[in-house]
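Undergrad: Take a look and give me a structure for this.
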Amino acid sequence: MNAPPLSLLTIILDTNPHAWALLTPTLPLSAAIANLLVFINAHLAFNNSNKVAIIASHTQRAEFLYPVPSQDDSLQANGSAHNGAQNDLDGDAKMVDSDEGSGTAAGDDANHYRPFRHIQTILLSAISKLYKTTSSESLTPTTSIAGALTLALTYINKQSIALSTTTSSKTNADTFVAPSDPNLIQPATLNPRILILSVSGDLAHQYIPIMNTIFACQRLTIPIDICKIAGDSVFLQQASDATHGTYIALTHPRGLLQYLMLGFLPDQSSRKYLVPPTAVGVDFRAACFCHRKVVDVGFVCSICLSSKSGLSTVLCWNYSVRRRKAPHV
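TA: Next up is the predicted model:
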């Protein structure tokens, strides 16, 4: 008998202040976070072992909103002295999923399920801290989706290693049970997926790192779901199509919760029995390496396979250097 798969949902929330300011009359950020919390609670309610991680894709950085690094690791990063025993053996910061690491305490509410209350308190505190530490000089119209995807992949890899280590230890302790025993519960597997809530426009300047993360997710069979609240991005469509994820562009942003519950709540195992929404007409255009703009017609260098917007820039600089260094015959 196989144990139910553990679903790890990694949510990338686009926290670009410029984009959310334009969306304020339709969907304020506070309303979007409230809808997102209901969606997270529904995901955790499906299985007691389900996990969730939330990453902010901000203007010039990407950072975890949940779970958050412990306070001891934050002090160590700022140069304060402590014993360092809270860190993992590989040097990673210890991530906590309770109120201890956020510096806030959730009130005891008999009408609120405590794990849901934990996530709500930590998430709201982290978002408030994120905007308080954002200066006006660092505001840009873009968002760090590539950095957020990289953080998501590293967290998924860390959770996969932790699950395999726990499973192998439990298997070694239960070696006296016959493998053919039908009552033996097989170790659970981890089904990771990434959900991006995007409100920003095109990300042509991040073309190379975004495509690298897309290929990594494709190789690891990690679907990337896109909930496009506002704006239009060519590469997010390609990410969803290449990883067999779900892409939904919201026509009515006020109904965000309904889109999340009906389109993105089922995991990989449940989607086999459902008819997921499909994106019509995926834009497969690429960005040129010279101007970082999406082009309809481009020229590809035969040496480095980079796409150029004009014929004058198609000659690879590597070829030019080699040609100058070539000996005269």
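
Undergrad: and the lengthiest helix in the chain, what does it pack onto?
TA: Using DSSP state H, we find that the single longest helix of the chain is helix 145-173. The elements that helix 145-173 packs onto, with contact taken as 3 or more C-beta pairs under 8 Å, 6 or more residues apart in numbering; DSSP states H and E, are strand 6-14, strand 51-57, strand 62-66, strand 190-198, helix 207-219. Quick note: C-beta positions are derived from backbone N, CA and C, even for glycine.

Undergrad: and the fourth one, what's its mean pLDDT?
TA: So the one you mean is strand 190-198. Averaged across strand 190-198, pLDDT comes to 96.

Undergrad: Output the contacting helices and strands for that strand.
TA: Under the contact criterion of 3+ C-beta pairs under 8 Å, 6+ apart, strand 190-198 touches strand 6-14, helix 145-173, strand 224-228, helix 234-242, helix 268-271.

Undergrad: closest to residue 155 out of the helices and strands packed on helix 145-173?
TA: strand 51-57 (5.4 Å; C-beta to C-beta).

Undergrad: The closest one: partners in the sheet, and parallel or antiparallel?
TA: Taking DSSP bridges as the criterion, strand 51-57 sits next to strand 6-14 (parallel), strand 62-66 (antiparallel) in its sheet.

Undergrad: Of those strands, flag the one that's most buried.
TA: Most buried of the strands paired with strand 51-57, by mean neighbour count (mean count of other C-beta atoms under 10 Å): strand 6-14, with a mean of 24.

Undergrad: Give me the contact list for that one.
TA: Residues from elsewhere that reach strand 6-14, judged by C-beta atoms under 8 Å, 6 or more residues apart in numbering: 36, 40, 43, 46-47, 49-57, 65, 143, 145, 148-149, 152, 155-156, 159, 163, 188-200, 229, 267.

Undergrad: just stretch 39-52 next, same as before
TA: Residues lying outside stretch 39-52 but in contact with it, judged by C-beta under 8 Å, 6+ apart, are 4, 6-11, 54, 66, 113, 115-116, 119, 159, 188, 257, 260-261, 264-265.

Undergrad: Quick one: low-confidence residue ranges for the chain.
TA: When the per-residue scores of the chain are filtered using pLDDT under 70, the ranges that remain are 1-4, 71-94, 96-108, 167-188, 279-280, 284, 287, 289-293, 296, 301-329.

Undergrad: Let me see the domain layout of it.
TA: The chain resolves into domains spanning 6-284, 294-325 when parsed by automatic domain parsing.

Undergrad: Deepest in the core, which of those is it.
TA: domain 6-284 (a mean of 16).

Undergrad: if we can go back for a sec, make a markdown table from the strands paired with strand 51-57 and add distance to residue 282 to it.
TA: Written out in a markdown table, the entries for the strands paired with strand 51-57 read as follows (distance: least, C-beta to C-beta, whole Å):
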| stretch | distance to residue 282 |
| --- | --- |
| strand 6-14 | 20 |
| strand 62-66 | 25 |
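
Undergrad: Which among those strands is found nearest to residue 246?
TA: Between residue 246 and the strands paired with strand 51-57, the shortest gap by C-beta to C-beta is with strand 6-14, which sits at 12.9 Å.

Undergrad: Now the element after that closest one, going C-ward?
TA: Sequence order places helix 17-23 as the next helix or strand after strand 6-14, per DSSP states H and E.

Undergrad: what helices or strands is that following helix leaning on?
TA: Where contact means 3+ C-beta pairs under 8 Å, 6+ apart, helix 17-23 is not packed against any helix or strand.

Undergrad: how close does residue 30 get to residue 299?
TA: 47 Å (C-beta to C-beta, to the nearest Å).

Undergrad: Then residue 254?
TA: When distances are taken as C-beta to C-beta, residue 254 and residue 299 turn out to be 44 Å apart.

Undergrad: again, but for residue 205
TA: Going from residue 205 to residue 299 by C-beta to C-beta gives 20 Å.

Undergrad: What are the contacting residues of stretch 239-258?
TA: 23, 26-27, 31-32, 35-36, 38-39, 193-194, 196, 210, 213-215, 217-218, 221-230, 232, 236-237, 259, 263-264, 276-277, 279, 282.

Undergrad: oh sorry, the question was meant for stretch 267-285
TA: When contacts are defined by C-beta under 8 Å, 6+ apart, stretch 267-285 is touched by residues 5, 7, 9, 191, 193, 223, 234, 237-238, 240-241, 246-249, 263, 266, 294-296.
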